[in-house]
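Asks: here is the input, now give the coordinates:
(one chain, ligands or ions: 1)
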Amino acid sequence: MSLMDIHIKHFLGLDTRTKKEKEHWKCFDCSKDTLLNVKDYYMITNELWIKYGVENNMLCMNCIEKRLGHKLRKEDLTDCSLNYFNPYTLKILNK
Ligand SMILES: [Zn+2]
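Replies: The predicted model follows:
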């Protein structure tokens, strides 16, 4: 199932994710469901994710910024389409 499918279903009130899938989307640090808010869609560089990230798990925007010790900066972000989909990271990229 694509991210868009999951989103459409979510907004229709049909969250068809399995327990395991829901677990996968949980922020590792605060347990927030990172699928539900577009602000939590971002992609940082591999170097940063290896150092501050949580491998195949998820971190919400607030928690990655906490781990980095600063608000996301342009140089932290990759050229991934997720960062252009998210208005918050798009604003950072367009600075
Ligand atoms: Zn979090």
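
Asks: could I get the full set of helices for this structure?
Replies: All helices of the chain, identified by DSSP state H, fall at 3-11, 19-25, 46-52, 61-68, 82-85, 87-93.

Asks: which one of the ones you listed is the most hemmed in?
Replies: Greatest average neighbour count among those goes to helix 61-68 (a mean of 17), per mean count of other Cβ atoms under 10 Å. C-beta coordinates here come from the backbone N, C-alpha and C atoms, glycine included.

Asks: just put the helices of the chain in JSON lines and tack on mean pLDDT.
Replies: Listed next are these as JSON lines, based on pLDDT from 0 to 100:
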{"stretch": "helix 3-11", "mean pLDDT": "72"}
{"stretch": "helix 19-25", "mean pLDDT": "89"}
{"stretch": "helix 46-52", "mean pLDDT": "96"}
{"stretch": "helix 61-68", "mean pLDDT": "98"}
{"stretch": "helix 82-85", "mean pLDDT": "90"}
{"stretch": "helix 87-93", "mean pLDDT": "95"}
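
Asks: quick one: which of these is nearest the ion?
Replies: Shortest distance between the ion and the helices of the chain, using Cβ to the ion, is found for helix 61-68: 3.3 Å.

Asks: touching the ion at all, the closest one?
Replies: Yes. Counting by Cβ under 5 Å from the ion, the ion is contacted by helix 61-68 at Cys63.

Asks: thanks a lot, see you next time.
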